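S.K.: With the input below, show me the fold.
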Amino acid sequence: MRTSGVKQAWQCLSTWVVMAGAAAALAGCATRGGPVAYATDPLAKPDIPTEIAPNNDYHLGPADVLNVSVYGVSEFSGDYTVDSVGRIKLPLVGDVPVQGQTADQVAAVLTQKLQATYLRDPKVQVVLKTAQSQRITVDGSVAQPGLYAIAADTTLIQAIATAKGVTDDGNPRRVVIFRKINGVRQAAAFDLTDIRRGKMPDPQVYSNDIIVVDGNGASKTFKNVISALPIAALFRPF
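M.R.: Numbering: from 1, shown residues only. From the prediction side, this is the model:
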């Protein structure tokens, strides 16, 4: 009986040691470092932004124009501009929130709304007709990577939030902004943990910025983007 109790105690202790080691290992993953220097001065503004062709991953924002086509029903078909709070307004349907969704997702929502009210088996197509110029790319270890519309004065913390935050395997202490300045693509790293603690300013992001969150799922993205940069741009902050 005593031997059994000792054995059980050792098993419990071994389990605790393994769990503690795993927790320490996970905590150790969220560290600073890497080939991109951390910004110590305010970020320089980018070159005059150029248009980015929207794709199927583009997430809608205010001022975007959508073309809605409902087969056989002209009353619902036409162009709709996303308003300042991220909605479009359809006849008889009313306000439909679309901000942060793709055109295909909006089509699915409209299909459901029309089918529940006015039409039987509606055929809805939504196409992004005009995309506003203020767009950023959020990639790496975030819950919802993609191309996002941003408003003026959007900060890095807000940009990460639009992509639904950092994933469990992401490293919030190593987030890189890639920006074209004076014709050269440059990069600087930021620590979201320090920003949230008020130890580091929350930088403004601009149209055409590429934001990459480091982590297990982002290593390939980091490698691909960094390999396209001039070496001189990797080791200096803006």
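
S.K.: if I pick Ile88, what's in contact with it?
M.R.: Counting by Cβ atoms under 8 Å, 6 or more residues apart in numbering, Ile88 touches 66, 68, 80-82, 95-96, 98, 106. Any C-beta I mention is one placed from the backbone N, CA and C, and that applies to glycine too.

S.K.: Report the contact partners of Asp57.
M.R.: Counting by Cβ under 8 Å, 6+ apart, Asp57 touches 102, 145-147.

S.K.: If we only consider the residues you listed, which is nearest to Val213?
M.R.: Pro145 (9.0 Å; Cβ to Cβ).

S.K.: Share the number of residues neighbouring that closest one, please.
M.R.: 21 (other Cβ atoms under 10 Å).

S.K.: what do you get for Ile160?
M.R.: 23.

S.K.: same check, this time on Gln158
M.R.: Neighbours of Gln158 (other Cβ under 10 Å): 14.

S.K.: If we ignore the residues flanking it in sequence, what's nearest Val138?
M.R.: Ala163 (4.0 Å; Cβ to Cβ, 6 or more residues apart in numbering).

S.K.: So the one you found is in contact with Gln144, correct?
M.R.: Yes. Because the distance of 5.0 Å satisfies Cβ atoms under 8 Å, Ala163 is recorded as touching Gln144.

S.K.: what sits against the most centrally placed residue in the chain?
M.R.: Centroid-nearest residue in the chain, with Cα atoms, centre = their mean: Ala163, separated by 2.9 Å. By Cβ under 8 Å, 6+ apart, the contact list for Ala163 reads 138, 142-146, 148.

S.K.: which among the residues you listed end up buried?
M.R.: Buried members of the contacts of Ala163, scored by 16 or more other Cβ atoms under 10 Å, are 138, 142, 145-146, 148.

S.K.: just curious, which of those residues is nearest to Gly72?
M.R.: Gly146 (32.3 Å).
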